[in-house]
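*Asks:* The following block contains a protein sequence and its predicted model.
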Amino acid sequence: MARKRRTFTPVYKAEVVGLVQVGGKAISAVARDLDLTESAVRKWVAGSEVDTSSVDQKELTIAEREELLHLRREIRQLQIERETKNNDGLLWQGIDVTYRFMAAEKALYPVTLMSRLLEVSRSGFYAWDKRAESARTRSDRALVVHIKAAHRASRDIYGKPSGAS
């Protein structure tokens, strides 16, 4: 029968760790005496010990390292949000522009985060990304090629030449 998952306060965990570190009892003995799993006691003891693997940093406990990692992730997410919001209104030109921006930036930023920040659905982006190009888009692209050729043929002059009557 599976054991029901129990929760323990940090104070209780510290007392158990004290029995191992200060009391000199073996982890297996403490776990057996208190009806705990040996792996839980080992994890608590490891979490309380100072990690001295890095010479450059001050000594941090495992819990402090986890908190530091969490805070760094949060800072990175806030930086991404700030960078995405500062875009001079480019992304408010339409859903197609937003999706094209997301497609260009998906190698740098998670699609889920961009979807939330740009207030579009993630599934909508993926549907747009898989969708075949429409006939109208293909004809517009071909038309742009002809317009550019005509513009170059007129020596890049737009409209009626000045001095002509």
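*Replies:* All right, it came through fine.
*Asks:* Grab the nearest non-local neighbour of L118.
*Replies:* T98 (5.5 Å; CB to CB, 6 or more residues apart in numbering). Using the backbone N, CA and C atoms, a C-beta is placed for each residue, glycine as well.
*Asks:* what's the neighbour count on the one you found?
*Replies:* 21 (other CB atoms under 10 Å).
*Asks:* Show me what the helix or strand encompassing it is packed up against.
*Replies:* T98 is located in helix 95-105, with elements delineated by DSSP states H and E. Helices and strands touching helix 95-105, by 3 or more CB pairs under 8 Å, 6 or more residues apart in numbering; DSSP states H and E, are helix 111-118, helix 122-130.
*Asks:* measure the residue nearest to L118 to G124 for me?
*Replies:* T98 is 10 Å from G124, where distance means CB to CB, to the nearest Å.
*Asks:* The residue minimising distance to the centre of the chain and E81: what is the separation?
*Replies:* Centroid-nearest residue in the chain, with CA atoms, centre = their mean: P110, separated by 5.2 Å. Note on P110: its distance to E81, by CB to CB, is 12 Å.
*Asks:* Report the distance from stretch 69-84 to the chain centre.
*Replies:* Taking CA atoms, centre = their mean, to the nearest Å, one finds stretch 69-84 lying 8 Å from the centre of the chain it belongs to.
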